[in-house]
Every structure is written in structure tokens, then in C-alpha cells.
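# sequence? don't have it. structure:
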């Protein structure tokens, strides 16, 4: 990691909006309220009122509240990126990474969904009913592999959805770790990298939180995989089995609806983003995201690791404090142990804030085969 720097770290715990003070609580309350209105406008009874996000969208010329959300999301990322680069822009890795975050959000997650309907029909509401987001793959975009979705989009996009989820995503995770997606491409990670950066130090590194993380994130992954299987099965046989269809996808209380409300709305939005100022920016990514769980399993088998230079750690604790995934990086550095953790998103902050350059993110085989071929000592740190 080039140009090591710790700009602004000393002020972290002095600012009320960054240390769970009243300003932070108020900010969290506003975020939770916004996400509640966004996802639950009908149950809350605000449809057609001044609090209706659909009305806000129409007021600014957008056709849905989701495009309004995409616009606000993009603005938050741009503002967060400026804040982040002001503090950590002395690292080329972070400059490039955040630039990619913002570019992907603006191009793939906002502009394309905004303009694509006009290329397929003169009436966007008649044919193009599914706004396609190129930067989201199954199982994060859980509904993308549903047969009904695949049938209603162009063949090239259907192929992209299947190949991207089942081939591209795991293959890149094997060679580059989950960071290629979670810290560079994913919109959830992009918001955490930028808008959520001021609160990264609030992520707990306790053993209890780690145990909860392992149980919760793999539970959601299992439910996502099982639900997808059941939806495909329902598509094949649901018309012959009405009770099965009702339980899986036919009622408001069905598995499909419950997954959307609980995982898609509450865990990823209301909790995952609304609690940034109180619990840190990766609540969703760390504890509930099925994509992060899947990529983490592949990462454990792949080439990505954080290498520790032996006998250099001074136990300052910066790496652990500023790890947004709650990994106790210092314990590995103190033990001279290079490591691969399934939860690590490769943001590079641990290496950036280390005053001695002890840590390095790398993609390498477990053994340095180039040295072995030259009959040199192989040290697998």
C-alpha cells in the first residue's frame, strides 16, 4: 500500500456525529424513517400523501420511487467520496477504488436503469417492467434468477444474469477475493465505502459479534438459495399445486414476499443503512448479505490474503479500530500470521492506517511457487 497515511484519525472520537452522540442518533433516526417510507409506503398508509416517495419522484420528473432512491444514493456516494478522499486520498489504491465505486453507481445502477426502457418500447410501463441493474447479481439481487424475471428481459440480459451469477462472480472471487465485488462494484459496498466511512470505527470486533455474524450470514445465504430453488419449482409445477404456489409465491405472506420484506427491506435497508451512525457501515454486508457469504466461502479457497510482515507490529490497534468488518487484524499482526478471513472485503484500510506498513493485500498462491522453482527457501507467511 503506497503513501501510508492516517489523515484525520485523531479527530474520530471527538465529533458527536461520529461517536454515537445525539447527532448520530438523530441522523440514524432520519435514515430509518426514510427507508421505512421507501419500502413500506402502503402498510404505513402514506400512499398519495405528502410523505409518499412516489410523489417525491414525480415531483422531480422520475417515474418511480426506486429511481429517486437511486438518485439520492448517487448523491450520497459522491458526497461521501469527496469526504473519504479528503482524508485518505493520499493512497492511489483508495483513489482508484472510490472512483470505480462512484462510476459503477452512476453508470450501471442509475443511468442505465433510467434510460434503458426507452430503447425497448415507446411506453416504458407497457413492456419493460423490470429495471435491470447490471452491478447486482444473484443472490444479492435474489429475484434475478427467477424464471419469471428471465422470461421478461432480453435474452442477452438473461444470459448475463445466469453467467454472471454462476460463473463470473465465483471465478473472480477465487482469483481476487471478494474485494473485487464488495469493495469495488457492489452498490451496498460503495455506499459503505463512501457515505458510511465516517462511522467505520463503530463496527465491533467482539467475539460475540463474530459468532453472530457466522450464524446469521450463512442462514440468510441458505434461505436465499432454498427460496430460489422453491421459486423455480413453483414456476414449473405451481399451476398444478395451488397450495404450494400460495405458500411460495402466491400470497402476501408467501415465502417470496416475506423474503423481500425481511431481507430486502428491513435487513438491507432499514437496519443495514439506517444504523450506519450507530453500528458502523457494514451491518448488512457483515451479518446478512447472501452475496458476501457466498463470496467469503470462495475467498477462503482462493488466492486473496492479507500478508503480515513479521516482527514489525507495534500493537497500536489502528488496523482493528478501522476495520469496517470487525476483524481483529491486530491479533494476526501480533502473531506474525498472514491470513484470509471470509468476512474481509479487501477495502485496504488496515494497511492504509498502519504506521509501519506491516500489512499488505495480495492475490497469491498459498506457496510462492516461483521461488520453489529456483530452489530458494519458501516461507509461507
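On my side now, so go ahead. A quick note: this is a predicted structure, and the numbers were derived from the prediction, not measured.
# May I have the residues that are in contact with residue 102?
Contacts for residue 102 were tallied using C-beta atoms under 8 Å, 6 or more residues apart in numbering; they are 74, 77, 78, 81, 190, 194. Quick note: C-beta positions are derived from backbone N, CA and C, even for glycine.
# who's in contact with the third one?
Read that as residue 78. Per C-beta under 8 Å, 6+ apart, neighbours of residue 78: 102, 194.
# I'd like the distance between it and residue 133.
Distance, residue 78 to residue 133, by C-beta to C-beta, to the nearest Å: 18 Å.
# can you check the last one too?
Plainly put, residue 194 is 18 Å away from residue 133 if you go by C-beta to C-beta.
# Compare these two (neighbour count), which wins?
Taking neighbours as other C-beta atoms under 10 Å, residue 194 and residue 133 compare with residue 194 leading, 24 against 18.
# My read is that that one contacts residue 83, right?
Yes - look at residue 194 against residue 83 with C-beta atoms under 8 Å: they come within range, at 7.5 Å.
# In the stretch 51-200 of the chain, mark out all the helices, start to finish.
For the stretch 51-200 of the chain, helices defined by DSSP state H, counting those that start in this stretch occupy the ranges 53-59, 65-88, 92-106, 112-115, 117-120, 147-151, 155-163, 169-176, 179-182, 187-193.
# buried stuff in the fifth one?
This means helix 117-120. Buried residues in helix 117-120, counted by 16 or more other C-beta atoms under 10 Å: residue 117.
# can you check stretch 78-91 too?
80, 81, 84, 85, 87, 88, 89, 91.
# Identify the residues contacting the first one.
Taking C-beta under 8 Å, 6+ apart as the definition of contact, the neighbours of residue 80 are 191, 193, 194, 195, 196, 197.
# For the first one, grab the count of nearby residues.
The one in question is residue 191. Residue 191 has 23 neighbours, counted by other C-beta under 10 Å.
# mind starting the numbering at 235 from now?
Sure thing, new numbering starts at 235, so read that last one as residue 425.
# what's residue 250 in contact with, if anything?
By C-beta under 8 Å, 6+ apart, residue 250 lies in contact with 256, 257, 258.
# That one and residue 491, how far apart?
Distance of residue 250 to residue 491, given as C-beta to C-beta: 40 Å.
# Same check on residue 484?
Residue 484 is 9 Å from residue 491, where distance means C-beta to C-beta.
# So for these two, which sits in the more crowded spot?
The neighbour count for residue 484 versus residue 491, taken as other C-beta under 10 Å, is higher for residue 484 (17 against 14).
# Surely that one and residue 469 touch.
No - with contact defined as C-beta under 8 Å, residue 484 does not count as touching residue 469 (11.8 Å).
# For residue 590, which non-adjacent residue is closest in space?
Spatial nearest neighbour of residue 590, excluding adjacent residues (C-beta to C-beta, 6 or more residues apart in numbering): residue 546 at 5.3 Å.
# The one you found: neighbour count?
Neighbour number of residue 546 under other C-beta under 10 Å is 13.
# quick one: contacts for it?
With contact set as C-beta under 8 Å, 6+ apart, residue 546 has these partners: 567, 590, 591, 592.
# Am I right that it falls within a strand?
No - judged by DSSP: H, G, I helix; E, B strand; the rest coil, residue 546 forms no part of a strand; its state is coil.
# now it: how far from residue 597?
Relative to residue 597, residue 546 is positioned 22 Å away (C-beta to C-beta).
# can you list the residues that contact stretch 393-412?
Outside stretch 393-412, the residues that touch it by C-beta under 8 Å, 6+ apart are 368, 371-373, 378-379, 383-384, 387, 414-415, 525-526, 528-530, 532-533, 535-538, 574, 578-580, 597.
# do stretch 475-495 as well
Stretch 475-495 has contacts (C-beta under 8 Å, 6+ apart) with 273, 376-377, 457-458, 461, 464-465, 467-468, 471-473.
# Just the closest of these to residue 511, please.
The shortest approach to residue 511 among the contacts of stretch 475-495 belongs to residue 273, at 19.4 Å (C-beta to C-beta).
# Let's see if you can find the most crowded of the contacts of residue 546.
Counting neighbours by other C-beta under 10 Å, residue 567 comes out on top of those with 28 neighbours.
# Which residues are in contact with it?
Contacts of residue 567 (C-beta under 8 Å, 6+ apart): 542, 546, 547, 549, 553, 588, 592, 593.
# do residue 345 as well
Taking C-beta under 8 Å, 6+ apart as the definition of contact, residue 345 has no neighbours.
# Which residue ranges of this structure form strands?
538-542, 593-597 (DSSP state E).
# Minimum distance to residue 447: which of those strands has it?
The nearest among these, by C-beta to C-beta, is strand 538-542 at 17.9 Å.
# Of the helices of the stretch 285-434 of the chain, flag the one that's most buried.
Scoring those by mean neighbour count under mean count of other C-beta atoms under 10 Å gives helix 421-427 as the most buried, with a mean of 27.
# So for that one, mean pLDDT?
Per-residue pLDDT over helix 421-427 has a mean of 95.
# And the contacts of that helix?
With contact meaning C-beta under 8 Å, 6+ apart, helix 421-427 is reached by 307, 310-311, 314, 318, 331-332, 335-336, 338-339, 343, 367, 369-370, 374, 415-417, 502, 506-507, 510, 515-516, 518-519, 523, 558, 579, 581.
# again, 6 Å this time
Applying C-beta atoms under 6 Å, 6 or more residues apart in numbering, the external contacts of helix 421-427 come out as 311, 335, 339, 343, 416, 417, 515, 516.
# so who does the nearest residue to residue 534 once chain neighbours are set aside touch?
Spatial nearest neighbour of residue 534, chain neighbours left out: residue 576 (5.2 Å); criterion: C-beta to C-beta, 6+ apart. By C-beta under 6 Å, 6+ apart, the contact list for residue 576 reads 530, 533, 534.
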